[in-house]
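> Provide a 3D model corresponding to the input given below.
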Amino acid sequence: MPSVGVIATGGTIASTATENGAVPTESVQALIQSYPFAVDEIDIQVEQVAQEPSSELTISDLVALQKRVRTVAQEVEGIVILHGTDTIEETAYFLDVVVDVDIPVVLTGSQRTHDQVSSDGPANVKGSLQTVAHGHVSDGVFVFFNDQLHAARAVSKVHSSNLAAYTSGDYGLVAERTPDGLWFYRQPESLSKTIPVTEITATVELVTVSTDTGGEQISNAVDRGVDGIVVNALGLGNVPQAVATAIASAIEQGVTVVVTTRCRTGAVSPVYGSDGGAKVLQEAGALFESNLSAHKARLKLLAALSAEETDEDIRAVFDPHRYDGHGYVDTEIL
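Presented below is the predicted three-dimensional model:
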């Protein structure tokens, strides 16, 4: 009988209707007891580390969660984390980056509250437990939702309420749950660089740009003493001229700046040489985070800066030519 740790953080899956709206009320013990068909033939140990909507979780909460994952991983063969859907992809990616354990970790939740008709929580929990107990899934962090298994780096929430809320974009699914079990589309493995930190000591601001955005947000962040800034830029990594000027100033003052794209698919690239072009940002010293979303890039930069690595080490972490299993591959032409 496989042993699985179930760690609960709150979220819609634990929520019920109150006079003030839906809020997390159900403990992990109550949830598991109400899913007897989902936990059959699995040895489960449960614990509650938070009882919050995921929109209210803090970096400190994520640090506490990763510590529990490290500890529980020594006692079980897999871990399932019950989590709110708003930021489940961020928590999954954070754990994938900072936690290096040799068992699978699967995050899941629900779009419908525990007391709604046809809540999706029970099926998601059952599928998650089946995943971590599956012999083909040996490590890595994933999100299981609506019978689909996603890698932490690739997964993104694309619908606010539909049960089919998540996609892995161009990466595609890792696996899909069918009546005969999990059907795998590719190898279940991590797509993330590991930065094994246990504490987050850095501060990183996230700035999104649009037409005629000024550089005030970046300047204000620098004045507040942040360690890093992630700029969610346009297209291939371009920004308005005023933003480019603020980025260059921030880098001169020792702030690490990472550039991502607002586009749902595709990677940033220093092609354009206009005043706000990505090539100008590269020449100023900005780093480029391939096709990773801005909110995940912020977590990655928090980890990298907290690891107290050198500037060269941090640049290596964001080098798109050094990914294992995906990204650019340099080959020698014979």
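
> for G78, phi and psi?
phi -170, psi 160 (degrees, to the nearest 10).

> Surely it touches V132?
Yes: proximity of G78 to V132 meets the contact threshold set by C-beta atoms under 8 Å, at 2.7 Å. From N, CA and C alone the C-beta is placed, and that goes for glycine too.

> Overlap of the contact sets of the two?
P2, V4, I103, P104, V105, V106 (C-beta atoms under 8 Å, 6 or more residues apart in numbering).

> Identify those among those residues that sit within strands.
Within those, residues falling in strands by DSSP state E are V4, V105, V106.

> circling back to that earlier point, ok, so of the shared contacts of G78 and V132, who is nearest F318?
V105 (23.9 Å; C-beta to C-beta).

> Any buried residues in stretch 194-201, and which?
I195, V197, I200 (16 or more other C-beta atoms under 10 Å).

> who touches H159 in this structure?
With C-beta under 8 Å, 6+ apart, H159 has these contacts: A165.

> rerun that using 10 Å as the cut-off
The contact partners of H159, taken as C-beta atoms under 10 Å, 6 or more residues apart in numbering, are T85, Q111, A165, Y166, T167.

> CA-only coordinates of stretch 88-95 in PDB, if you can.
Extracted in PDB, the C-alpha atoms of stretch 88-95 (Å, rounded to 0.1, in the frame of the first residue of the first chain):
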ATOM      1  CA  ILE A  88      -1.500  27.100  -7.500                       C
ATOM      2  CA  GLU A  89       0.700  27.400 -10.600                       C
ATOM      3  CA  GLU A  90       3.000  29.800  -8.700                       C
ATOM      4  CA  THR A  91       3.300  27.600  -5.600                       C
ATOM      5  CA  ALA A  92       3.900  24.500  -7.800                       C
ATOM      6  CA  TYR A  93       6.700  26.300  -9.700                       C
ATOM      7  CA  PHE A  94       8.300  27.700  -6.500                       C
ATOM      8  CA  LEU A  95       8.400  24.200  -5.000                       C
END
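
> Distance-wise, check V99 relative to G285.
Note on V99: its distance to G285, by C-beta to C-beta, to the nearest Å, is 30 Å.

> neighbour-wise, which of the two wins?
V99 (20 against 16; other C-beta atoms under 10 Å).

> can you give me phi and psi for that one?
Dihedral angles (degrees, to the nearest 10) for V99: phi -110, psi 120.

> I'd guessed it sits against V105; true?
Yes: between V99 and V105 there is a contact at 7.3 Å, judged by C-beta atoms under 10 Å.

> so what sits against both of the two?
Common neighbours of V99 and V105 (C-beta under 10 Å, 6+ apart) are Q66, V69, A73, I79, V141.

> if I look at the fourth one, how far off is V46?
The one in question is I79. I79 sits 11 Å away from V46, going by C-beta to C-beta.

> and what of V243?
From V243 over to V46 (counting by C-beta to C-beta), the distance is 47 Å.

> before we move on, what about V268?
In terms of C-beta to C-beta, V268 sits 42 Å off from V46.

> Quick check on these two: which one has the bigger neighbour count.
When neighbours are counted by other C-beta under 10 Å, V268 comes out ahead of the other of V268 and V46, with 28 against 18.

> show me where the stretch 51-200 of the chain has strands.
Assigned by DSSP state E, counting those that start in this stretch, the strands in the stretch 51-200 of the chain fall at 78-82, 105-108, 141-145, 148-151, 156-157, 166-167, 175-178, 181-184.

> in its sheet, what does the fifth one sit against?
Each strand that pairs with strand 156-157, with its direction, by DSSP bridges: strand 166-167 (antiparallel).

> picking up where we left off before, Y323: which of the strands of the stretch 51-200 of the chain is closest?
Between Y323 and those, the tightest spacing by C-beta to C-beta is seen for strand 148-151, at 12.7 Å.

> And the closest one, what does it pack against?
Contacting strand 148-151 under the criterion 3 or more C-beta pairs under 10 Å, 6 or more residues apart in numbering; DSSP states H and E are the following elements: helix 88-98, strand 105-108, helix 121-132, strand 141-145, strand 166-167, strand 175-178, strand 181-184.

> Sheet-wise, list the partners of that strand with their directions.
When DSSP bridges is applied, strand 148-151 pairs with strand 141-145 (antiparallel), strand 175-178 (antiparallel).

> Okay then, goodbye and thanks.
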